[in-house]
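>>> Got a predicted structure plus its sequence, pasted below:
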Amino acid sequence: MPIGCSIRAIWILNNLDAVVFSRRFPVVEKRWRAACKSENESSDGDNLSYTVFSLLPTDSELASGFVERKNREGSAQGFGIRVSRSSPGSDSWVDDPITRHIIGLYINKQEKGDNNLLWPLILHIKGHNHILVLPLVEPRHLKAYARLCKRSDCGNAVGVDDSFSSLLLDLPSITGALMVAHAIGDIIAGDVVEPEVFVSAAPSVGGFLDSLTGSIGISGISSRAKPVAAPVASSTPSSTAVPGAVTADAPKTGSRPLDKDALRTFISSSMPFGTPLDLNYSNIFTIKVTGFSSSDLPPADQKQPSWKPYLYKGKQRILFTIHETIHAAMYDRDEIPDSISVSGQINCRADLEGLPDVSFPLAGLNKAHLEVLSYHPCAQVPEQGGDKQAVMFSPPLGNFVLIRYQANSGLGPPVKGFYQLSMVSEDKGAFLFKLHLMEGYKSPLAMEFCTVTMPFPSRRIVSLDGTPSMGTVSTTDHSVEWKIVTTGRGLVGKSIEVTFPGTVKFAPWQSQRLTGSGSTLGSIVDEDSDNEAESTNNMVNMEEYLIEKMNKNLPPVDLEEPFCWRAYNYAKVSFKITGASLSGISIDPKSVSIYPAVKAPVEFSTQVTSGDYIFWNTLGKCPYVITGKV
């Protein structure tokens, strides 16, 4: 069986566990049946002497298997680890968290034997829909997973023979199926938005207007009427919108019914005969709206890639934007180290005529201490080595992510210090912030804004007493917001130290009696929960089970931490930094070359935004990860 990714079938189920959309690929299924026949003929000496389930289930059979698994595993995604309720043959028996996303279903469970296992099914939850994608694997891989579901030992280490991780490393089709599931999820949720590329200077009128009015900014493709796409809202918040931001008009709407025609068009065009070729919905949408003409033909001696279905014509330029997101957990404790990580991507927009190649050296790799580095399929790179990495690519149309990476912050945390909170009475707490902003950061790095939020989801704020050394404070019923640096008055090339002591008073605590459904938490729901409608069979939800278990050890009124879920309290910091990347990765616009040579201005910009940047209460409980000793 050739190496690659082919999809046997796709199903979409709603929150009532009914199949609302399905698509099967007979060409791929024919290959699966041939492989099953060959495997069955040569498996006489196999310890597992069962016949591999060679047929795809009907929609009703798949829905029944999905419901049966939810009942067995506790929720649609399941436990992910082996617990007391796990049974041999279940996904949780494998004892690997990834089984929350790569699942198996038993079809016609009433039939005895193991020949009714359907695996691997990629599970992606988007809104109220459950997306299941079944990639093509070899029957021996299915048998290997069936053995893992029945082994007596628990949680083999990575690299060990017959471990789940070793099995997945042999299946690149899993990665392709995950991409398909996420692409379909974005389409049905209306989340198809191209990456943002920011312009440091005022853009040309033609290029900017093209990006606003033409589908993915290709309105100047030819002399024919330019394609018009459905409007799309930029993912940049209006309060922090950057003048000159180049966005793309990919179709996007809010909550909406399942558009089966759009799905059928996307699937037929992006993965003909079940083989994913181009999962870029903007390209597929534009091709459907615009079509082709004789003027779009490429030069006779060049092959036009699938990611560039149209040839650009108009004012030429190249834009690069490094967008990094910094995540941090700050503890201010000797026994717990702070955790800081940077995830970044280099967004690009190359408005170039013809089919040119663009190359440049990516600098700062040694300083960044990269943990992960991946490239767009259009890029070609030699083996990585040294502080610079040569990158050459044939750019697609519109905005795209050229490089993704995980790195360390070479400059340290942009916001550091501590947050302390203690209860002086049942309904009153005293807090203290002492923070350092941009310590060690020099020009051209600039902090455009910085805001600290203290959430109190289970208590209603009555009053706040305290004045910060800098900035303004506002409150809502369940949070305190401290704006240290506001937009328009940023910090450039300097650091500051700020403090904020004060007291916060809450409405009287209402003791809540523990119930079997974990009602102490009220409307607080874990972000990882399935948010699925429970059926009438009183199915036990995994998230509710864990919440109830934890609440038994947490008194409803605890003077140390009476208002936060799981007795944890924290403050979250939001900020934006421009001028350079925190990882040290950079692109010199003067080093960018284009072949065949053409005069096209190259612009480069950077921005760093906060992700989950958390200050845990120094005086309270806090979650953290214990690092094993090697």
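Looks like it came in fine.

>>> For stretch 448-465, which residues meet the burial criterion?
Buried residues in stretch 448-465, counting neighbours by 16 or more other Cβ atoms under 10 Å, are found at 448-452, 454-456, 458-459, 461. Any C-beta I mention is one placed from the backbone N, CA and C, and that applies to glycine too.

>>> same question but for stretch 349-358, I mixed them up
349-352, 355-356, 358.

>>> Out of the helices and strands in this structure, which is least certain?
helix 205-213 (a mean of 34; mean pLDDT, DSSP states H and E).

>>> Name the next helix or strand following the strand or helix carrying Gly185 along the chain.
Using DSSP states H and E, the element containing Gly185 is helix 172-189. Moving toward the C-terminus from helix 172-189, the next helix or strand (DSSP H and E) is strand 197-198.

>>> That following strand packs against which elements?
For strand 197-198, the contact count by 3 or more Cβ pairs under 8 Å, 6 or more residues apart in numbering; DSSP states H and E identifies strand 245-246, strand 317-330, strand 339-351 as packing neighbours.

>>> then the longest one to PDB, C-alphas only?
When you say that, I think you mean strand 317-330. The C-alpha coordinates for strand 317-330 follow below in PDB (Å, rounded to 0.1, in the frame of the first residue of the first chain):
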ATOM      1  CA  ARG A 317       5.400  43.600  -3.500                       C
ATOM      2  CA  ILE A 318       6.200  41.200  -0.700                       C
ATOM      3  CA  LEU A 319       5.100  41.500   2.900                       C
ATOM      4  CA  PHE A 320       6.400  39.500   5.900                       C
ATOM      5  CA  THR A 321       4.900  39.500   9.400                       C
ATOM      6  CA  ILE A 322       6.300  37.600  12.300                       C
ATOM      7  CA  HIS A 323       3.500  37.100  14.800                       C
ATOM      8  CA  GLU A 324       4.500  35.500  18.100                       C
ATOM      9  CA  THR A 325       2.300  34.600  21.000                       C
ATOM     10  CA  ILE A 326       3.900  34.200  24.500                       C
ATOM     11  CA  HIS A 327       2.400  32.000  27.100                       C
ATOM     12  CA  ALA A 328       3.500  32.100  30.700                       C
ATOM     13  CA  ALA A 329       2.700  30.700  34.200                       C
ATOM     14  CA  MET A 330       4.300  33.000  36.800                       C
END
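
>>> related to what we said a few turns ago, need the helices and strands packed on strand 197-198 in CSV with mean pLDDT, can you?
Below are the helices and strands packed on strand 197-198 laid out as CSV (pLDDT from 0 to 100):
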stretch, mean pLDDT
strand 245-246, 42
strand 317-330, 94
strand 339-351, 93
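
>>> Go through those and name the closest to Ser165.
strand 339-351 (21.9 Å; Cβ to Cβ).

>>> returning to that earlier point: of the helices and strands packed on strand 197-198, give the one that comes closest to Ile577.
When the helices and strands packed on strand 197-198 are ranked by distance to Ile577, counting by Cβ to Cβ, first place goes to strand 317-330 at 8.6 Å.

>>> got the angle for that closest one vs strand 339-351?
Using axes from the mean of the first three to the mean of the last three Cα atoms, to 10 degrees, the inter-axis angle of strand 317-330 relative to strand 339-351 is 170 degrees.

>>> Quick check: buried residues in strand 317-330?
In strand 317-330, residues buried by neighbour count (16+ other Cβ under 10 Å) are 317-326, 328-330.

>>> Redo those residues as CSV? Include distance to Leu169.
As requested, those are exported to CSV (distance: Cβ to Cβ, whole Å):
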residue, distance to Leu169
Arg317, 42
Ile318, 37
Leu319, 37
Phe320, 33
Thr321, 33
Ile322, 31
His323, 30
Glu324, 29
Thr325, 28
Ile326, 30
Ala328, 31
Ala329, 30
Met330, 35
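
>>> can you list the residues that contact the helix holding Gly185?
Surrounding helix 172-189, the residues in contact under the criterion Cβ atoms under 8 Å, 6 or more residues apart in numbering are 3-7, 10, 12, 101-102, 120, 122-124, 126-127, 129, 131-137, 168, 191-192, 258-259, 262-263, 266-267, 270-271, 276, 279, 281.

>>> Repeat the analysis, applying 7 Å as the threshold.
Applying Cβ atoms under 7 Å, 6 or more residues apart in numbering, the external contacts of helix 172-189 come out as 3, 5-7, 10, 102, 120, 122, 124, 126-127, 129, 131, 133, 135-137, 168, 192, 258, 262-263, 266, 271, 276, 279, 281.

>>> Pull out the buried residues from that helix.
Applying a neighbour-count criterion of 16+ other Cβ under 10 Å, one finds 173-174, 176-178, 180-189 buried in helix 172-189.

>>> now swap in stretch 144-152 and tell me
Neighbour-count burial for stretch 144-152 [16+ other Cβ under 10 Å]: 144-146, 148-149.

>>> again, but for stretch 117-137
Within stretch 117-137, the residues scored as buried using 16+ other Cβ under 10 Å are 117-126, 128-137.

>>> sorry, back to before: which of the buried residues of stretch 144-152 sits closest to Lys313?
Taking these together and measuring to Lys313 by Cβ to Cβ, the closest member is Tyr145, at 51.3 Å.

>>> ok, that closest one to Ala571 distance?
44 Å (Cβ to Cβ, to the nearest Å).

>>> Please, where are all the helices along the chain?
Assigned by DSSP state H, the helices in the chain fall at 26-41, 59-73, 139-148, 164-169, 172-189, 205-213, 260-270, 281-290, 365-368, 542-551.

>>> Distance to Lys416 for those helices - can I get that in TSV?
Formatted as TSV, the entries for the helices of the chain read as follows, by distance: least, Cβ to Cβ, whole Å:
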stretch	distance to Lys416
helix 26-41	53
helix 59-73	41
helix 139-148	44
helix 164-169	36
helix 172-189	35
helix 205-213	38
helix 260-270	45
helix 281-290	40
helix 365-368	20
helix 542-551	30
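
>>> picking up where we left off before, compare the helices and strands packed on strand 197-198 and give me the one nearest Arg404.
Checking these against Arg404 by Cβ to Cβ gives strand 339-351 as the closest, at 4.8 Å.

>>> List the strands paired with that closest one, with their directions.
When sheet partners are counted by DSSP bridges, strand 339-351 sits next to strand 317-330 (antiparallel), strand 399-407 (antiparallel).

>>> Buried residues in that strand, which are they?
By neighbour count on 16+ other Cβ under 10 Å, the buried set for strand 339-351 is 340-351.

>>> what do you get for stretch 471-485?
Buried residues in stretch 471-485, counted by 16+ other Cβ under 10 Å: 471, 473, 480-485.

>>> Residues touching that stretch, excluding its own?
Outside stretch 471-485, the residues touching it (Cβ under 7 Å, 6+ apart) are 437, 447, 449-457, 460-461, 464, 468, 470, 491, 498, 500, 504.

>>> how much space between the residue most central in space within the chain and Val504?
Within the chain, the residue whose C-alpha comes closest to the C-alpha centroid is His182; the distance, by Cα atoms, centre = their mean, is 9.1 Å. Note on His182: its distance to Val504, by Cβ to Cβ, is 41 Å.

>>> just Val133 next, same as before
Distance from Val133 to Val504, counting by Cβ to Cβ: 48 Å.

>>> surely Trp93 meets Arg82?
Yes. Contact status for Trp93 versus Arg82: in contact at 5.8 Å, counting by Cβ atoms under 7 Å.

>>> ok, those two, which is more surrounded?
Residue environment comparison for Trp93 versus Arg82 gives the larger neighbour count to Trp93, 21 against 18, counting by other Cβ atoms under 10 Å.

>>> residues contacting that one?
By Cβ under 7 Å, 6+ apart, the contact set of Trp93 is 82, 86-87, 149.
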